[in-house]
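Asker: just coords:
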């Protein structure tokens, strides 16, 4: 049993490193495509995991894989939206969206042999299943509208494009909360430890089930 657990943890760790690398690469690639070369000059338009892994985020990732509880993260991609060819908020929304979108694309690609029966068992099947599941979960989590997650940038870009008083008021309210976003997100994650139900599960459970149905057929 211990050997199987060790193999599963290895699958999880490799999957997280690959998923975060792809996630951050596409943030950097899209920023450069839109006209801001900041990330490119810093070597972030790369699929080399070493340029995207954050030291503390990597330690937390190891702890999360070992314990099954926690959160890891990659090094944020530096972006100057005022260098892009778009409105800064729109640019940040597009760049932000590319992270979750890239994870869903990767999940879809690696799930094809499983979805169409090319692989039905074995080491490759197990690893690809874990890799697809990790990417689906990462996409769903990052779509939450809490700063500094990508969903916040996407939501702010959408509100900025809606020329209505209610959208303007919502935009201003969320902008004032931006500085407190990381703390609110941490409290949300920690709340699962002492609540009788999983608040995080309620938030990301539905999109995970939807994406799993679309990608893995389950």
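Answerer: That came through fine. Please read these numbers as outputs of a predicted model, since none were measured by experiment. Numbering: from 1, shown residues only.
Asker: Just give me the longest helix of this protein.
Answerer: For the chain, the helix reaching the highest residue count under DSSP state H is reported as helix 2-33.
Asker: Pull out the buried positions in that helix.
Answerer: 11-33 (16 or more other CB atoms under 10 Å). Backbone N, C-alpha and C define where each C-beta goes, glycine included.
Asker: before we move on, what about stretch 125-133?
Answerer: Burial within stretch 125-133, assessed by neighbour count using 16+ other CB under 10 Å, is assigned to 127, 128, 129, 130, 131, 132, 133.
Asker: cool, and stretch 62-73?
Answerer: Neighbour counts using 16+ other CB under 10 Å place 64, 65, 72, 73 of stretch 62-73 among the buried residues.
Asker: distance between the helix or strand where residue 127 lies and the chain's centre?
Answerer: Here residue 127 is covered by helix 123-142, with elements defined by DSSP states H and E. Relative to its parent chain, helix 123-142 has a centroid offset of 12 Å by CA atoms, centre = their mean, to the nearest Å.
Asker: let's number from 590 now, not from 1
Answerer: Noted, 590 is the first residue going forward, which turns the last one into helix 712-731.
Asker: what helices or strands is the next helix or strand after that helix leaning on?
Answerer: Helices and strands here follow DSSP H and E; after helix 712-731, the next one along the chain is helix 739-750. The criterion is 3 or more CB pairs under 8 Å, 6 or more residues apart in numbering; DSSP states H and E, and the helices and strands that helix 739-750 contacts are helix 677-704, helix 754-766.
Asker: tell me the angle of helix 739-750 relative to helix 712-731?
Answerer: Comparing the axes of helix 739-750 and helix 712-731 via axes from the mean of the first three to the mean of the last three CA atoms, to 10 degrees yields an angle of 40 degrees.
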